[in-house]
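# Got a predicted structure here, sequence first:
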Amino acid sequence: MVCYAGPDGSALPCTSATISGSSARFTQDALRPFEGLTVAVALPKGSVVVPPPILAERFSVWRAFAVTRWTLAAAVGVLAVGLFGIGFSGWTRGRDRRWRGQAPGLDPAAGQPDDASATEPRPLLTSPAGAVEFQPPQGLRPGQIGTLMDERADVLDVTATIVDLAVRGYIHIEELPRAHWFTSRDWKLTQVKAVDDGLVTFESKLQKAILATGSPVLMSSLKQHFASSLADVEDALYADVVSLGWFRRRPDATRRNWRLLGVACVGVGAGLTYLLARFTDDGLVGIGAVLAGVV
């Protein structure tokens, strides 16, 4: 054993350092300010019996991402199930349908049934040439085609329908001159023909909503009352494309359902991650025990 006294880092011995049996005594006559006494004592090996340490691992979410045989197997299994589900859904439900034995874009041949039994899924890996057409399909409205193309009934489709109503002679659109360069451009909409059987449901709702305050009406004034009717027109447009058989169900409802399913999957994944990190050291063994206990 040794003893040092003095300022920090001093190698000067202290006044006395004695040992008697199991006791050691160190003394120093005087210490100035900022000085200290340092002792070093060595014990023979085996003098102190040290019990085994008590180790408790702290909770950490990162434990759930530890690479073990269980977590790796679970990740591969979930990936395989997800890829299979995507592929199966795309193969059975995600393909467009076409008339069997007919070039894409053409109506069924004479005498050929025109129900679902006469259709077939469009091949995924081949893209057969379709019939060439130089004008829109007969009887289809711009709003319908726009909804079919992007699977959304939006303001662009409604605007195209307004122009189409003018082309077909139901309303008259007149561009008004600007008062000066800094004013916005405006248009005047005037009813030419009343709503009749030549309009489908969403077109009838649109014309009635536009002219709800009378005829003529300024386009700039529609923002004061038309916004509340826009959702009804878009709903009618969704219902129209479903009734035509272009979609099995409304595209916006399909998007909402898949969005909810995605949120649910994220929630389940977060819950399983917590269970992996909280209740087990070996991955799925702990989850199996927890689920068994719940059942």
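Nice, thanks for sending it over. In this text, all values refer to a predicted model and were calculated from it rather than measured experimentally. Residues are numbered from 1 along each chain as shown.

# C-alpha only now, for contacts and for neighbours.
Will do.

# Can you verify His172 is assigned to a strand?
Yes - the assignment for His172 (DSSP: H, G, I helix; E, B strand; the rest coil) places it in a strand.

# now it: how far from Ser221?
16 Å (CA to CA, to the nearest Å).

# quick one: which of those two has more around it?
His172 (19 against 14; other CA atoms under 10 Å).

# give the contact list for Gln138.
Not one residue lies near Gln138 by CA atoms under 8 Å, 6 or more residues apart in numbering.

# Can you classify Thr254 by secondary structure?
helix.

# ok, it - how many residues close by?
Counted with other CA under 10 Å, Thr254 comes out at 12.

# pLDDT score for it?
Looking at Thr254, its pLDDT is 89.

# Can you tell me how far it is from Val155?
In terms of CA to CA, Thr254 sits 20 Å off from Val155.

# Likewise for Leu31?
89 Å.

# Tell me which stretches of the chain form helices.
69-92, 142-150, 155-167, 201-210, 227-243, 251-279, 284-294 (DSSP state H).

# JSON lines please, covering the ones you listed and showing distance to Ala56.
Output for the helices of the chain, formatted as JSON lines (distance: least, CA to CA, whole Å):
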{"stretch": "helix 69-92", "distance to Ala56": "22"}
{"stretch": "helix 142-150", "distance to Ala56": "56"}
{"stretch": "helix 155-167", "distance to Ala56": "61"}
{"stretch": "helix 201-210", "distance to Ala56": "67"}
{"stretch": "helix 227-243", "distance to Ala56": "59"}
{"stretch": "helix 251-279", "distance to Ala56": "13"}
{"stretch": "helix 284-294", "distance to Ala56": "17"}
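
# Could you check stretch 177-191 and say which residues are buried?
Neighbour counts using 16 or more other CA atoms under 10 Å place Trp187, Lys188, Leu189, Thr190, Gln191 of stretch 177-191 among the buried residues.

# Can you pull out the low-pLDDT segments for the stretch 151-295 of the chain?
Judged by pLDDT under 70, the stretch 151-295 of the chain has its weakly predicted residues at 224, 279-295.

# 50 - rerun?
Applying pLDDT under 50 to the stretch 151-295 of the chain picks out residues 282-295.

# rewinding a little: out of the helices of the chain, flag the one nearest Ala42.
Nearest to Ala42, of all the helices of the chain, is helix 251-279, at 43.2 Å by CA to CA.

# That closest one packs against which elements?
helix 284-294 (3 or more CA pairs under 8 Å, 6 or more residues apart in numbering; DSSP states H and E).

# Contacts only, for Arg141.
Here Arg141 is in contact with Thr161, Asp164 (CA under 8 Å, 6+ apart).

# For stretch 202-222, which outside residues touch it?
Applying CA under 8 Å, 6+ apart, the set of residues contacting stretch 202-222 is 158, 161-162, 186-191, 195-196, 226, 229-230, 232-234, 236-237, 240.

# ok, Val163 to Pro142 distance?
9 Å.

# so for stretch 122-135, what's the average pLDDT?
Rounded mean pLDDT across stretch 122-135 is 65.

# Now intersect the buried residues of stretch 177-191 with the strands, please.
Trp187, Lys188, Leu189, Thr190, Gln191 (DSSP state E).

# Turn those into TSV, including distance to Pro177.
Putting these into TSV (distance: CA to CA, whole Å) gives the following:
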residue	distance to Pro177
Trp187	9
Lys188	11
Leu189	14
Thr190	16
Gln191	20
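
# Just name the closest of these to Thr147, please.
For these, the nearest to Thr147 is Leu189 (24.3 Å; CA to CA).

# Might one say that the closest one is in contact with Gly169?
No - Leu189 is beyond contact range of Gly169, at 11.9 Å (criterion: CA atoms under 8 Å).

# What's the local residue count around Thr159?
14.

# now it: how far from Ser220?
Thr159 is 14 Å from Ser220, by CA to CA.

# the more surrounded of Val163 and Pro142?
The residue with more neighbours, out of Val163 and Pro142 and counting by other CA under 10 Å, is Pro142; that gives 19 against 16.

# residues contacting the more buried one?
Per CA under 8 Å, 6+ apart, neighbours of Pro142: Asp157, Ala160, Thr161, Asp164.

# Let's see that with 10 Å instead.
Pro136, Leu148, Leu156, Asp157, Val158, Thr159, Ala160, Thr161, Ile162, Val163, Asp164 (CA atoms under 10 Å, 6 or more residues apart in numbering).

# Then Cys3?
Contacts of Cys3 (CA under 10 Å, 6+ apart): 11-18, 26-28, 37-41.
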